[in-house]
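Peer 1: only the shape, not the letters, is given here:
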């Protein structure tokens, strides 16, 4: 019992004697009359019931199943729980528009000129039809490119397209990637290929290239920028930007020609790209044909202007929460998938099919967002049209265009492997965590004022338990994708405040970008899937010191026995080209590798070795060098990696 009970009890203990005597007289009881035993027991029982229970005894009753918890901890938990309940009177947050006359003007105009619901439905359908036709017309202009005489229409290629597939995927001596010369084709590149990078270390000579475009070479003459020459495994579109043939912002087209074996690829910085140098030879090289007139451009920026204009107008003149949300979701989803950040594709029809396959399950998620995760609560009854457009729709666009808006953050993939090896990733993650901390604290305060905090704390408690379970599962690793981040954080925006408008729009945009670009990738992946083309820490061949012939015309390598049944052969790369492959136990299998070279070459040569499992090569050693002075430079310890994947995880293929 509290102070109130004690105050109620005091008047019964301290009473006026004269008043008490008068009360006894009126009740027929004499003040000096003896009290019988039954009356005495009743009075004692009444007094016992009115005695307040000490607070510590009340606490003991509440925590009777948790007596093993120390009392200070119980006291602290009780205080936190009481605080989390919030104020006695819940405050339901509603946004009061700034300058309401201005912000509600579009709705007033709509009520004046289109008052009937039927007319509004037809107007909306006509508006969407105009939006769709405009989008298709502008996109069609981007698909049209001028025909190049002698080559026909340019072929669409992706930012990561190469002639040469690195490692041993081109076969011995590169026979599977022929021809090496006297060939070429007309190509068309999309925009923004300068930002296309390799995400795991790539070996070029003794260099380890990572988080930059793979472009080896440039103009052979530093004083003459014409006729640049690039190694065959360079990105074609990135090389075209480096050469000045293609504009990074608009894309473009041209003709690439194969020119066979070249040597001494130079490193230069041109058009915002620094190429990689290589001081030896390679069997396949390419350049770009001069004097080609080609009219083609990427229309993604024009399409962005179209979609932004239509979504802004629709947002200003729509007060229906459902109509606004689903219209924005559908419009931005198809814009991202078809224009601003499309997945890898070989034709427009194939791209449309891929986006359609992702759109249907994404719409189910959109309904869950709206009906179950608080979007309806945030947008319902909101008449601040300009604030809604700037905060919610603007945030949604920022999230949907994450390949541009967040490109400056040095985190390519949110995995432990990338955070360890990418410069600046840990610092960027720390900043993001700090920002999220302050956002979470502010949202907790708003939820407490609405007396909904405990409900959402319980929800996020189960989220955390689920994440912990995912982290401890054997042979699986947790990867937080765009859409997973949105699913986890969206419930925390289910209130109508200005910060929640911004956060919610941003999270919905991240979900749209994640699904339209990458699809529903699993959030639990094997270590092999996460590792991609990184080193797998397989055993490396142990070489018995190479022997250089007395006339410096050849070098001979030998190796120790296979480390196990999983490794049935050995592969050797010379200048990143497979030149030798032998399988243990085969009849006539070679137990040494002899590499001849001309004494007049005057170039360094780089050697790497790896065990084979069938035709698949495991980790290659780092490069050992037979230098131009005919001396052997021993390879450093540890593996290098030659194989390459594109950013979306698909193997890059030769065109």
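Peer 2: Sure, I can see it. None of the values given here were measured: they were computed from a predicted structure.

Peer 1: show me what contacts the closest residue to residue 501 other than its chain neighbours?
Peer 2: The shortest distance from residue 501 to any non-neighbouring residue, by C-beta to C-beta, 6 or more residues apart in numbering, is to residue 391 (4.0 Å). To be clear about C-beta, it is placed using only N, CA and C from the backbone, and glycine gets the same treatment. Neighbouring residues of residue 391 by C-beta atoms under 8 Å, 6 or more residues apart in numbering: 498, 501-502, 505.

Peer 1: hmm, 10 Å instead?
Peer 2: 95, 384, 497-506 (C-beta atoms under 10 Å, 6 or more residues apart in numbering).

Peer 1: element containing residue 301?
Peer 2: Per DSSP states H and E, residue 301 falls inside helix 300-316.

Peer 1: so which elements touch that helix?
Peer 2: Helices and strands touching helix 300-316, as assessed by 3 or more C-beta pairs under 10 Å, 6 or more residues apart in numbering; DSSP states H and E, comprise helix 105-113, helix 117-143, helix 321-335, helix 385-387, helix 394-400.

Peer 1: from those, which stretch is densest packed?
Peer 2: Among the helices and strands packed on helix 300-316, ranked by average contacts under mean count of other C-beta atoms under 10 Å, first place goes to helix 394-400 (a mean of 23).

Peer 1: by contact count, what packs against that helix?
Peer 2: helix 300-316, helix 321-335, helix 402-405, helix 482-489, helix 498-518.

Peer 1: quick check: residue 173 vs residue 425, distance?
Peer 2: 39 Å (C-beta to C-beta, to the nearest Å).

Peer 1: more neighbours: these two, which one.
Peer 2: The residue with more neighbours, out of residue 173 and residue 425, is residue 425; 19 against 14, by other C-beta atoms under 10 Å.

Peer 1: what score does the more buried one have for pLDDT?
Peer 2: For residue 425, the pLDDT comes out at 79.

Peer 1: correct me if wrong: it contacts residue 409.
Peer 2: Yes: with contact defined as C-beta atoms under 10 Å, residue 425 counts as touching residue 409 (8.7 Å).

Peer 1: quick one, what contacts residue 549?
Peer 2: Contact analysis of residue 549 by C-beta under 10 Å, 6+ apart lists 555-556, 594, 596, 630.

Peer 1: nope, residue 500 is what I meant
Peer 2: 93, 95, 374, 377-378, 391-392, 442-443, 446, 492-494.

Peer 1: secondary structure element for residue 255?
Peer 2: strand 252-259.

Peer 1: so where does residue 419 fall, helix or strand?
Peer 2: helix 416-421.

Peer 1: distance check, the residue nearest to residue 501 against residue 384.
Peer 2: 9 Å.

Peer 1: so what sits against both of those two?
Peer 2: Residues touching both residue 391 and residue 384 (C-beta under 10 Å, 6+ apart): 95, 498, 501.

Peer 1: just the closest of those to residue 307, please.
Peer 2: residue 501 (20.1 Å; C-beta to C-beta).

Peer 1: right, and the closest one touches residue 393 too?
Peer 2: Yes: at 9.3 Å, residue 501 counts as touching residue 393 under the criterion of C-beta under 10 Å.

Peer 1: more neighbours, those two?
Peer 2: Taking neighbours as other C-beta under 10 Å, residue 501 and residue 393 compare with residue 501 leading, 26 against 23.

Peer 1: residue contacts, the more buried one?
Peer 2: Residues in contact with residue 501 (C-beta under 10 Å, 6+ apart) are 95, 378-379, 382, 384, 387-395, 493, 495.

Peer 1: look up the pLDDT of it for me, please.
Peer 2: 96.

Peer 1: okay, now the domains of this protein?
Peer 2: Structurally, the chain divides into domains by the TED database as follows: 155-289, 348-521, 543-638.

Peer 1: any chance of a markdown table for those, columns distance to residue 330?
Peer 2: Output for the domains of the chain, formatted as a markdown table (distance: least, C-beta to C-beta, whole Å):
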| stretch | distance to residue 330 |
| --- | --- |
| domain 155-289 | 24 |
| domain 348-521 | 8 |
| domain 543-638 | 43 |
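
Peer 1: for residue 201, give its distance to residue 479.
Peer 2: Counting by C-beta to C-beta, the gap from residue 201 to residue 479 is 20 Å.

Peer 1: no, scratch that, I was asking about residue 132
Peer 2: Counting by C-beta to C-beta, the separation of residue 132 from residue 479 is 35 Å.

Peer 1: excluding sequence neighbours, find me the nearest residue to residue 330.
Peer 2: residue 363 is the one closest to residue 330 (C-beta to C-beta, 6+ apart), at 7.7 Å.

Peer 1: my read: that neighbour touches residue 325, true?
Peer 2: No: using C-beta under 10 Å, residue 363 makes no contact with residue 325, being 11.6 Å away.

Peer 1: who does residue 632 bridge with?
Peer 2: In this entry, residue 632 is beta-bridged to residue 626, by DSSP bridges.

Peer 1: let's have the chain start at 890 instead
Peer 2: All set: I'll call the first residue 890, so the last point we hit is now residue 1521.

Peer 1: what's the local residue count around it?
Peer 2: Close neighbours of residue 1521, defined as other C-beta under 10 Å, add up to 15.

Peer 1: and if you look at the one 3 residues further on?
Peer 2: Residue 1524 is flanked by 20 other residues according to other C-beta under 10 Å.

Peer 1: spit out the contact partners of the nearest residue to it once chain neighbours are set aside.
Peer 2: Nearest non-adjacent residue to residue 1524, counting by C-beta to C-beta, 6+ apart: residue 1513, 3.7 Å away. Residue 1513 is in contact with 1095, 1432, 1435, 1444, 1446, 1494-1498, 1521-1525, counting by C-beta under 10 Å, 6+ apart.

Peer 1: which ones among these lie within strands?
Peer 2: Judged by DSSP state E, the subset of those located in strands is 1432, 1435, 1444, 1446, 1494-1498, 1521-1522.

Peer 1: of those residues, just the buried ones, ChimeraX syntax please.
Peer 2: The following ChimeraX line selects those of those that are buried, judged by 16 or more other C-beta atoms under 10 Å:
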select :1432,1435,1444,1446,1494,1495,1496,1497,1498
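
Peer 1: list just the nearest of the ones in strands among the contacts of residue 1513 to residue 1082.
Peer 2: Using C-beta to C-beta, residue 1495 comes nearest to residue 1082 of those, at 27.9 Å.

Peer 1: and that closest one, what does it touch?
Peer 2: Counted by C-beta under 10 Å, 6+ apart, residue 1495 has contacts 1092-1095, 1167-1169, 1462-1466, 1511-1516, 1522, 1524, 1529.

Peer 1: many thanks, I have nothing further to ask.
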